[in-house]
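Participant: Here is a sequence with its predicted model. Questions after.
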Amino acid sequence: MNQIETHPFHQQVEAQKFLRENGIQMESWGPFAEGKNNIFHNALLQSIADDHGKSIAQVVIRWLTQRGVVAIPKSVRKERMAENFNIFDFQLTDDEMRSIATLDTGASSFFDHRDPAMVKWLSEAQRPT
């Protein structure tokens, strides 16, 4: 299992392929992009949600599940937890899956591992104390 940032705006298709080829299950970290990119008001995701009578959150979790990505969305609200589990009574079409694929920016919503400042911070954070 490898938990990596995976959501509609950073889909990690190549990383998922690599993990799958090496027998490693992908788990989504930040399946809702921590609310960035106005994910809960995205017109495409809302249209798909409306077509299925679901919420955007349910569409995102269903999209991840159909891709074979484990999604464990974080919530402290009982009604949201119940909503997050209610994704098995619908399926996204191939066209919907392709449409969601167009949202991929190919970049992290949080940081860039190629940024020299981030690389320095990560290397310092991993030094033994």
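Facilitator: The structure has been received and is ready for your questions. Residues are numbered from 1 along each chain as shown.
Participant: And the helices in the chain?
Facilitator: 13-21, 43-52, 56-66, 78-85, 94-101, 116-125 (DSSP state H).
Participant: Please identify the deepest-packed of these.
Facilitator: helix 56-66 (a mean of 22; mean count of other C-beta atoms under 10 Å). To be clear about C-beta, it is placed using only N, CA and C from the backbone, and glycine gets the same treatment.
Participant: Skipping adjacent residues, who's closest to Q66 in space?
Facilitator: For Q66, ignoring the flanking residues on the chain, the nearest one in space by C-beta to C-beta, 6 or more residues apart in numbering is L92 at 5.8 Å.
Participant: what sits against that neighbour?
Facilitator: Going by C-beta atoms under 8 Å, 6 or more residues apart in numbering, L92 touches 48, 52, 59, 62-63, 66, 100.
Participant: now these as CSV including distance to G106?
Facilitator: Shown next, in CSV, are the contacts of L92 (distance: C-beta to C-beta, whole Å):
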residue, distance to G106
I48, 21
H52, 27
V59, 21
R62, 22
W63, 17
Q66, 20
I100, 14
